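A.B. asks: How does the following fold in three dimensions:
(one chain, ligands or ions: 1)
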Amino acid sequence: MNLMPSCKDVRENLTEYMEGKLPLSRRMGIRIHLMMCKVCDGLLHTLQTLPTFAKEVLRAPAEAPAEAKETYDRFLKNIRETSKS
Ligand SMILES: [Zn+2]
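C.D. replies: Sure thing, here's the model as predicted:
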């Protein structure tokens, strides 16, 4: 079991983390990561301040159509690039 997720894991699970949808072990790992990683922590704050429509996009389910997945990926990529600086 991997208790300490990577930055990539954290970013992929941030919206679910915010919504409390993750299992406890996963949530704890992300929480610990966020305490130690300023980049991911900053990203969480960015997500928390997003308007509702953006959150709807982020909530794309696993079975979402390809376009939705693409939008979601592009959005995450955008966030990653923004958080680099
Ligand atoms: Zn991180």
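
A.B. asks: show me what contacts E12?
C.D. replies: Contact analysis of E12 by CB atoms under 8 Å, 6 or more residues apart in numbering lists L76. Where you see a C-beta, it was placed from the backbone N, CA and C, and this is true even at glycine.

A.B. asks: helix or strand for L43, which one?
C.D. replies: helix 38-48 (DSSP states H and E).

A.B. asks: So for that helix, could I get the coordinates as CSV, restricted to C-alpha?
C.D. replies: Only the C-alpha atoms of helix 38-48 are listed here, as CSV (Å, rounded to 0.1, in the frame of the first residue of the first chain):
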residue,chain,number,x,y,z
LYS,A,38,3.6,23.6,-1.3
VAL,A,39,2.9,23.1,-5.1
CYS,A,40,0.1,20.7,-4.6
ASP,A,41,-1.3,22.7,-1.6
GLY,A,42,-1.4,25.7,-3.8
LEU,A,43,-3.2,23.7,-6.4
LEU,A,44,-5.8,22.7,-3.9
HIS,A,45,-6.4,26.3,-3.1
THR,A,46,-6.7,27.1,-6.8
LEU,A,47,-9.3,24.4,-7.2
GLN,A,48,-11.2,25.6,-4.2
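
A.B. asks: so what does it touch, helix or strand wise?
C.D. replies: Applying 3 or more CB pairs under 8 Å, 6 or more residues apart in numbering; DSSP states H and E, one finds that helix 38-48 makes contact with helix 7-18, helix 24-36, helix 66-84.

A.B. asks: please redo it, this time with the cut-off set to 10 Å
C.D. replies: Packed against helix 38-48, as judged by 3 or more CB pairs under 10 Å, 6 or more residues apart in numbering; DSSP states H and E, are the following elements: helix 7-18, helix 24-36, helix 52-58, helix 66-84.

A.B. asks: Now that we have these, can you turn them into JSON lines and tack on mean pLDDT and distance to G42?
C.D. replies: Formatted as JSON lines, the entries for the helices and strands packed on helix 38-48 read as follows, by pLDDT from 0 to 100; distance: least, CB to CB, whole Å:
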{"stretch": "helix 7-18", "mean pLDDT": "92", "distance to G42": "11"}
{"stretch": "helix 24-36", "mean pLDDT": "93", "distance to G42": "10"}
{"stretch": "helix 52-58", "mean pLDDT": "63", "distance to G42": "16"}
{"stretch": "helix 66-84", "mean pLDDT": "80", "distance to G42": "6"}
